[in-house]
Every structure is written in C-alpha cells, then in structure tokens.
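Undergrad: Would you be able to build a 3D model of this:
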Amino acid sequence: MSKSSVIWDYFQLDSDNINVKCGLCRTTLKNNRSSTSNLIRHIKSKHPTVNLLNRNTRVLEETVDDLNDAPSTSTTNTIISTTNLVVNQTETSLQIPSNEHAIRPQSSRFVNNPITQYLSKPIGASRRKIIDQQVLKMIVKEYYPFSIVEDREFVKLLNLLNPGYTLPSRKTLSKSLLPIMYNEIHDKVKQDIKDQAKYVSITTDSWTSIKNENYIAVTCHFINNECELKSYLLSCFKNSESHSSENLKNDLLAVIKKWGLENNIAACTTDNAYNIVNAVSLCGWRHVGCFAHSLNLAVQTALKSISETRDKVRGIVGHFKRSPQAAEKLRAMQEQLGLTPPLMLIQDVVTRWNSTYEMFQRIQNLKVPLSSVLVECNYNVYLTNEDWHIISKSCEVLKYFKEITVEISSEKSVSISKSVVFSRALLKHCRYLDTQFYDSQQLTNMISILKQQVEQRFGSNEKIQIYAEATVLDPRFKKYGFLNNSSFTEAKKKHY
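TA: Coordinates of the predicted model:
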C-alpha cells in the first residue's frame, strides 16, 4: 500500500509488516494493506488534537487559528503573507510570458515539453519524514523556537533547496512530531540499556530555574559490550512537592520503574544534602557522595577567609558589567597596550568556587590596563598591593584544585577509581601548603581552613569500600593510590 497518505506521519510498520505502531501512544494496530481507515479512526478517537489535513491546508488553517487572538491591524497582512507562502511554490514555478509573441514556439524542442514539467512535484512520504525529522533535530539540538518554521527567510531557504517540501506547522511539530520522535528515541535507549548493561549507576541532581521552578534530573551510566562508558538522561522533570526524603524516594523509584531498572542499580551518586542521601538509603541503593560537590564545599569554606578581597573584586567586576562606558575604556586600554584580543572581566557565581578562581585569574591578567582605567573612571574602590598579593597567591593555591575538579567531572571516563588517588593528592598538597610562609594573615587562615576541610571531607575516603575496591581494580593505581597499606590489603581481599 502506498504511503502517500498523511496518516503515515503518525504510524510506522513493524518488522513483520503485519502490524503498525502509533508514534504518539505506541499502540499496535493491524496493518490493513488496502485501507488506512482503521489508522485514521485511531488518531481521531485517541488523539483528537491531531490535524489530518493535507500539509499545505493544515499549515494555512493552523496559522489562521493562531492569529484569531492577534491584533486586528496585522491579521489581514499576516494571513495574506501566509497564504502567499503556501501558494508561492506553484506561482513561481509557472513562468508564463505576457507577450503574445513570446508564446509562439521558436523551436520544436519547446513544443514537446508538457506544462507539468515546470510544476514542482510534492516529495514522497518517506522523504518528507526524513526532512521533518532533521528539522526537528535542528530545533531540539540547537535550541531554536518552534516558530522558526514560520520564519519567512527560513521557509524561502527550504523552498530553494527543495521546492516540493512543505514545512510542518509549529503546532504539528510540538504536538505530533516531537512526541513521536521522543517515543522512538525512548524505545531505542531502553533497548540499548537492556542489551548492553547488566548493572547501571545513576546520578541525580536538582536545581531551581530563573522562574523559581525546581527541577530534578536522573542520569544512568554503564559500560557497554565494547567497554565504552555510556550515559543516558532518563528523566528531567519539574518537582513542585516538598523535598522530603519520602517524596524524593518516590520520584527516584518512579523513574527507575519506568525504565525497568529496579534490579540493576549498582550505586547512586548525589550531593551531600541530608534529604537526598536519606532518600537513596530508603530506596535500598548504595550511596556515593559527589566528589566535586564536596570539593566545592571545602574550597567555599576556605574562601571566606579572603572575603574582603573577594568582595572588592566582585564590586569592580560588577561596575564594568553595569557600565558600557567603563567596559569600552578597558577594551581601548588593552588595545593601546597591545593586548589582543581584548578580554572581559569574569563575574563569579556564589555557588561555584572555581568561578571565583577564574574571576581572580582574569583580573590578575588585566592588572595593568584595569588599574589605569580605574584611576581614569574615579572608581571609589581600589585594590591594594596586599589585595593583588592575595589574588596572585590564591590562584597559585587553587590551580591544583581546579585541575582535579576538571578531571573528576569528566563524563567520558570512569571517575570513582580516582577518588582515593585525588584525596591522597589533595591531602599532601594541603599539608605542603601549611608548611609555607605567607605574609598575609588572610592567606594563612585560608590555607589552614583548606587543610582542615580536605582532611575532614576526604581523609577517610580510602576506607570506604566502594572507593577502595574501585582503586584496587584500576590497573593504573592499585596499591599506589593508598596512604594506608591496611586499607589496600582489606580491599584486595575482596577480589584476590
């Protein structure tokens, strides 16, 4: 049976060609080779919002519907423009000369050409589906709005590339094609996990959007049959309930049940908040604390010792962010000094210590042009020699922590076996720093607190079973990752 009907935008044949599956709800129906009436009935009864009109008609009708609430002054022009977009393809393809002499055949080669040769033929359903999917992928992966399919220049571009193709409306994209693609990808990922993963580890995190809405994400990780580390986002959802351990437990279990992974969880990694740690325990899973999160808390605590200097730097950066005139003077001064390309100051984020490191590093790089511009702008806060000394030494101290944060946060390599090794490295680094002389009480206090925090948060990592076993099994480390030989011996007994 030909697949020219628009109904095939919403169904796909099973491998046996006996049944078809609805792309919207995954319902399986019998494939009637001579008729699509049963498929049409299914869409109309189960998905009444889906418009089964011919695409050209559908685009025009949905555009007119969308304009019902638009201001009356622009409605007429917009409808006319939309109509022109739909029929433009046919109008432009018929280049009929107005001069009566021009239509007289000058050569026999013009007589035999039928007029249909100059008309753009609609593309087939399979080809249309491929282009639809690519348009949707572009929107999803590049974060374009669905309304791009109504953009005149985008429509013209696709018409030039393929005159026989008509873009779906944004309503069709969001209400029909996107759910279909989601279901297809969901099934592929679920099958891949089933075929490739005996056990998975999961990570979960939550955050608050700029609209003050809370979201939770759950990701799974596993080693496939080719020894490659794979990661899939299982769910990302808005959570309006309280963050009690019981509610979080129910949310996590619901996600895992949906993917059929109830008996495949090796461990769950979260931050160190009590509610989520307790929720993982209620799920009956082994908990692994996030190394990078613990490191962030340790450094954030230590940075409070140099808060006076940090606040000055924040104020200066904020001034240049708010004042276009000051920013332009800084740019011009850099060019005058031959510093190209010109750099911008970096504002730190309160919740990320490494952003403070980046802010310090950038302002240190711009010390000469910045000092000149601050004098010129009569800015009322200046960085003293001690402030510059603190900034410079802080960058030296924190560079080591920055490198470890980047390495432990890598998504493409296994990180748990590095936890013991990095904990050992941080302890040795902080103990070394503590023996050095600093001609600033703020720096001395920062180093002392940093050492205390690292010992408190990472000092016993090699005694944690899952960390120790992972280190022993990693051929790069084995016993060399341990400070205490007894921790290595205990972990070794489990596997040798």
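
Undergrad: Next, count neighbours for residue 379.
TA: For residue 379, the neighbour count with other Cβ atoms under 10 Å is 16. Quick note: C-beta positions are derived from backbone N, CA and C, even for glycine.

Undergrad: For residue 382, which residues are in contact?
TA: With contact set as Cβ atoms under 8 Å, 6 or more residues apart in numbering, residue 382 has these partners: residue 374.

Undergrad: in the chain, which helix or strand is least confident?
TA: Lowest by mean pLDDT, DSSP states H and E among the helices and strands of the chain is helix 72-93, with a mean of 42.

Undergrad: In this protein, where's the longest helix?
TA: Using DSSP state H, we find that the single longest helix of the chain is helix 385-408.

Undergrad: quick one: buried residues of that helix?
TA: Neighbour counts using 16 or more other Cβ atoms under 10 Å place 387, 389-391, 393-395, 397-398, 401-402, 404-405, 408 of helix 385-408 among the buried residues.

Undergrad: do the same with stretch 444-457
TA: Applying 16+ other Cβ under 10 Å to stretch 444-457 flags 446-447, 449-451, 453-455, 457 as buried.

Undergrad: so residue 207 sits in a strand?
TA: Yes: remark: residue 207 belongs to a strand, assigned using DSSP: H, G, I helix; E, B strand; the rest coil.

Undergrad: on contacts alone, who are the packing partners of the longest helix of the chain?
TA: On a contact count with 3 or more Cβ pairs under 8 Å, 6 or more residues apart in numbering; DSSP states H and E, helix 385-408 meets helix 291-303, helix 307-322, helix 353-365, helix 418-434, helix 441-458.

Undergrad: Can you show me the strands along the chain?
TA: Secondary structure of the chain, counting by DSSP state E: strands at 11-13, 19-22, 28-30, 200-208, 214-223, 229-238, 265-270, 287-289.

Undergrad: Run through the bridge partners of the nearest residue to residue 29 once chain neighbours are set aside.
TA: Distance criterion Cβ to Cβ, 6 or more residues apart in numbering; nearest residue to residue 29, sequence neighbours excluded, is residue 20 at 5.4 Å. In this entry, residue 20 is beta-bridged to residue 13, residue 29, by DSSP bridges.

Undergrad: wait, isn't residue 20 in contact with residue 11?
TA: Yes: counting by Cβ atoms under 8 Å, residue 11 is a contact partner of residue 20 at 4.6 Å.

Undergrad: Overlap of the contact sets of these two?
TA: Residues within reach of residue 20 and of residue 11 at once, by Cβ under 8 Å, 6+ apart, are 29, 39.

Undergrad: Looking at the strands of the chain, which is nearest to residue 185?
TA: strand 229-238 (9.8 Å; Cβ to Cβ).

Undergrad: can you list the residues that contact the closest one?
TA: 189, 192-193, 196-197, 202, 213-224, 251, 255-256, 258-259, 411-414.

Undergrad: List just the nearest of the buried residues of helix 385-408 to residue 264.
TA: Nearest to residue 264 among the buried residues of helix 385-408, with distances taken as Cβ to Cβ, is residue 408, at 24.7 Å.

Undergrad: For the residue nearest to residue 29, give me its contacts.
TA: Residues near residue 20 by Cβ under 8 Å, 6+ apart: 11-14, 28-31, 39.

Undergrad: same deal with residue 181?
TA: Listed by Cβ under 8 Å, 6+ apart, the contact partners of residue 181 are 133, 136-137.

Undergrad: Which members of the residues you listed are classed as buried?
TA: Buried members of these, scored by 16+ other Cβ under 10 Å, are residue 136.

Undergrad: what residue ranges in this structure are flagged as low confidence?
TA: Within the chain, the stretches with pLDDT under 70 are 1-4, 33-34, 51-120, 494-496.

Undergrad: before we move on, the earlier item: distance to residue 233 for the helices and strands packed on helix 385-408 - can I get that in a markdown table?
TA: Formatted as a markdown table, these follow (distance: least, Cβ to Cβ, whole Å):
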| stretch | distance to residue 233 |
| --- | --- |
| helix 291-303 | 19 |
| helix 307-322 | 33 |
| helix 353-365 | 24 |
| helix 418-434 | 23 |
| helix 441-458 | 28 |
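
Undergrad: Look up the residues forming beta bridges with residue 352.
TA: Beta-bridge partners, per DSSP bridges, of residue 352: residue 349.

Undergrad: From residue 359, how far off is it?
TA: Distance of residue 352 to residue 359, given as Cβ to Cβ, to the nearest Å: 10 Å.

Undergrad: Residue 371 too?
TA: 17 Å.

Undergrad: Compare those two (neighbour count), which wins?
TA: The residue with more neighbours, out of residue 371 and residue 359, is residue 359; 21 against 14, by other Cβ under 10 Å.

Undergrad: could you measure the more buried one against residue 384, distance?
TA: Distance check for residue 359 against residue 384: by Cβ to Cβ, it reads 18 Å.

Undergrad: Any idea how many residues pack against the nearest residue to residue 344 once chain neighbours are set aside?
TA: Once flanking residues are discounted, residue 344 sits nearest to residue 327: 7.3 Å by Cβ to Cβ, 6+ apart. Close neighbours of residue 327, defined as other Cβ under 10 Å, add up to 17.

Undergrad: Now do the same contact list for residue 327.
TA: Residues near residue 327 by Cβ under 8 Å, 6+ apart: 320-321, 344.

Undergrad: One more: residue 319?
TA: With Cβ under 8 Å, 6+ apart, residue 319 has these contacts: 326, 377, 379.

Undergrad: swap in residue 205?
TA: By Cβ under 8 Å, 6+ apart, the residues touching residue 205 are 216-217, 270-271.

Undergrad: can you rerun that using 7 Å?
TA: 217, 271 (Cβ atoms under 7 Å, 6 or more residues apart in numbering).

Undergrad: same deal with the one 4 residues further on?
TA: Taking Cβ under 7 Å, 6+ apart as the definition of contact, the neighbours of residue 209 are residue 215.

Undergrad: And it, how far from residue 392?
TA: Distance from residue 209 to residue 392, by Cβ to Cβ: 37 Å.

Undergrad: likewise residue 16?
TA: With Cβ to Cβ as the criterion, residue 16 and residue 392 are 71 Å apart.

Undergrad: swap in residue 478?
TA: Residue 478 is 38 Å from residue 392, by Cβ to Cβ.

Undergrad: what's the answer for residue 468, then?
TA: From residue 468 to residue 392 the distance is 38 Å (Cβ to Cβ).

Undergrad: same check, this time on residue 385
TA: Noted for residue 385: a distance of 11 Å to residue 392, by Cβ to Cβ.

Undergrad: what's the answer for residue 348, then?
TA: Where residue 392 is concerned, residue 348 sits at a distance of 17 Å (Cβ to Cβ).

Undergrad: Residue 21 now?
TA: Distance from residue 21 to residue 392, by Cβ to Cβ: 64 Å.

Undergrad: got the contact list for residue 299?
TA: Residues near residue 299 by Cβ under 7 Å, 6+ apart: 353, 398, 401, 450.

Undergrad: Specify which member of these is nearest to residue 309.
TA: Closest to residue 309, out of all of the contacts of residue 299 and judged by Cβ to Cβ, is residue 398, at 13.3 Å.

Undergrad: got a list of what that closest one touches?
TA: Listed by Cβ under 7 Å, 6+ apart, the contact set of residue 398 reads 299, 357.

Undergrad: And it, how close does it get to residue 480?
TA: 26 Å.

Undergrad: Over to residue 275?
TA: With distances taken as Cβ to Cβ, residue 275 is found 37 Å from residue 480.

Undergrad: can you check residue 355 too?
TA: 33 Å.
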